[in-house]
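Q: Got a predicted structure plus its sequence, pasted below:
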Amino acid sequence: MGLALVFLLALGSIWGLSISTSKLAVQAFGPFSVVFWYALVAFLVLAAISLVRGKLPPLDGRHVRYYVASGLIGFAIPSLNNVLVVQQVPAGILSTMIATAPVFTYAIALVAGQERFQVMRASGIGLGLVGALVILLPANSLPDAGMAPSVALGLLTPFLYGISAVVISRYMPRETDSITLATGFLGVAVVFFLATMLASGETALPWPVQWPGSHMILWLGITSSAAYVLYFQIIRIAGPVYLSQVGYLVVTIGVVAGILIFDEQHSLWAWIGIGLMVSGLVLVNLGQLRAARAARLQAAIDDQD
């Protein structure tokens, strides 16, 4: 588990810092330009790796449909939503909301009939919802009451991640490795971002190089490509339950980064809301751990029979 822990810490750091680094980049170049350029960097990195490995993305109908669905719902639309929302809300709060994706994943899987009802995990959904309401509803929870609609919009990102995890993953071509698939859906995302950037009239170039905007775009592109490799490597060597702990790192690093970089000051209501959302994440993850242990125990009993 030593290597898995290193990978987990690296992935948590990348995702935890992504919102604050996105905010720095957006302040320099605008949201539509930022997502296009960093997605292009990530795509070029993975495409180069795929080319060296001799495993370019297959372009048959089944693969292309997966690239389009996962590229838009699992990456492009959430990423664009993040850079639009982060202009209006504290980075720490948005990081916390994004980290609650497992809560949405379980809720969607429950509705879709892919998961059984568990009191602990259902309680986690309830706590996550209450936490969001505690941040949204009190008049003095946010630095500006006008932020509430943007904070609510921020919940779209973990919701889309949940859809991607539950629905789109069912149609993943299992015979194709993760780096090849990521290259394919990043290609779709780049095309989508190019279209939205041109439609918005925002065509800022990240050069001549300026600090910190250009550096943040390069950082986001390289780390986004690395995150996909880390994500699937953790699943391979330690399993999805172990991976679920990354959410705690994302919240911690995201909140601390917002305080250190942007001098964010959270109200008592906001801290309570963050605590409730993290508690909901803990309950969902603990319920997942119990379910996994029960499944292993049942498998062992079946093997003995």
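A: All right, it came through fine. Numbers count the residues shown, from 1 in each chain.

Q: Check the offset of the longest helix belonging to the chain from the chain's centre.
A: For the chain, the longest helix by residue count, based on DSSP state H, is helix 268-304. Relative to the chain's own centre, helix 268-304 is displaced by 19 Å; criterion: C-alpha atoms, centre = their mean, to the nearest Å.

Q: And stretch 262-282, by the same measure?
A: Counting by C-alpha atoms, centre = their mean, stretch 262-282 comes out at 18 Å from the chain centroid.

Q: for stretch 67-87, same thing?
A: For stretch 67-87 - counting by C-alpha atoms, centre = their mean - the centre lies 9 Å from the chain centre.

Q: what's around the nearest residue to Glu115 once chain neighbours are set aside, how many residues?
A: In space, and not counting its chain neighbours, Glu115 is closest to Ala109: 4.0 Å by C-beta to C-beta, 6 or more residues apart in numbering. (Each C-beta comes from the backbone N, C-alpha and C, glycine too.) For Ala109, the count of nearby residues is 17 (other C-beta atoms under 10 Å).

Q: which other residues reach stretch 69-84?
A: The contact list for stretch 69-84, computed with C-beta atoms under 8 Å, 6 or more residues apart in numbering, reads 18-19, 22, 25-26, 31-32, 34-35, 39, 94, 98, 153-154, 156-157, 160-161, 163-164, 168, 171-172, 181, 184-189, 192-193, 196.

Q: Show the pLDDT at Val86.
A: Per-residue pLDDT puts Val86 at 92.

Q: Return the backbone torsion pair for it.
A: With angles defined as degrees, to the nearest 10, Val86 sits at phi -70, psi -20.

Q: any idea how far Pro57 is from the nearest residue to it once chain neighbours are set aside?
A: Spatial nearest neighbour of Val86, chain neighbours left out: Lys23 (4.7 Å); criterion: C-beta to C-beta, 6+ apart. Lys23 sits 31 Å away from Pro57, going by C-beta to C-beta, to the nearest Å.

Q: for the strand or helix carrying Ile222, which positions count as buried?
A: Element membership of Ile222 [criterion: DSSP states H and E] is helix 213-238. Using 16 or more other C-beta atoms under 10 Å as the test for burial, helix 213-238 gives 213-221, 223-234, 238.

Q: ok so, going back, return the set of buried residues in the longest helix of the chain.
A: 269-270, 272-274, 276-288, 291.

Q: and what of stretch 5-15?
A: 7-8, 10-15.

Q: now swap in stretch 61-72 and tell me
A: 63, 66-72.

Q: Next up, the contacts around Ala122.
A: Contacts of Ala122 (C-beta under 8 Å, 6+ apart): Leu110.

Q: Quick one: neighbours of Ser200, just the number.
A: Look at Ser200: counted by other C-beta under 10 Å, it has 12 neighbours.

Q: pLDDT below threshold where in this structure?
A: 1, 208-209, 239-241, 298, 300, 302-305 (pLDDT under 70).

Q: ranges for the helices of it?
A: Here the chain has its helices, by DSSP H, at 2-29, 31-53, 61-71, 77-85, 91-99, 101-111, 119-136, 148-154, 156-166, 178-200, 213-238, 240-243, 246-262, 268-304.

Q: Just the CA atoms of the third one, as PDB, please.
A: Same thing as helix 61-71. Taking Å, rounded to 0.1, in the frame of the first residue of the first chain, the C-alpha atoms of helix 61-71 are listed here in PDB:
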ATOM      1  CA  GLY A  61     -18.800   3.500 -33.400                       C
ATOM      2  CA  ARG A  62     -18.800   2.100 -29.900                       C
ATOM      3  CA  HIS A  63     -15.600   3.800 -28.900                       C
ATOM      4  CA  VAL A  64     -16.600   7.200 -30.400                       C
ATOM      5  CA  ARG A  65     -19.900   7.100 -28.600                       C
ATOM      6  CA  TYR A  66     -18.000   6.500 -25.300                       C
ATOM      7  CA  TYR A  67     -15.600   9.400 -26.100                       C
ATOM      8  CA  VAL A  68     -18.400  11.800 -26.700                       C
ATOM      9  CA  ALA A  69     -20.500  10.800 -23.700                       C
ATOM     10  CA  SER A  70     -17.600  10.700 -21.200                       C
ATOM     11  CA  GLY A  71     -15.800  13.600 -22.800                       C
END
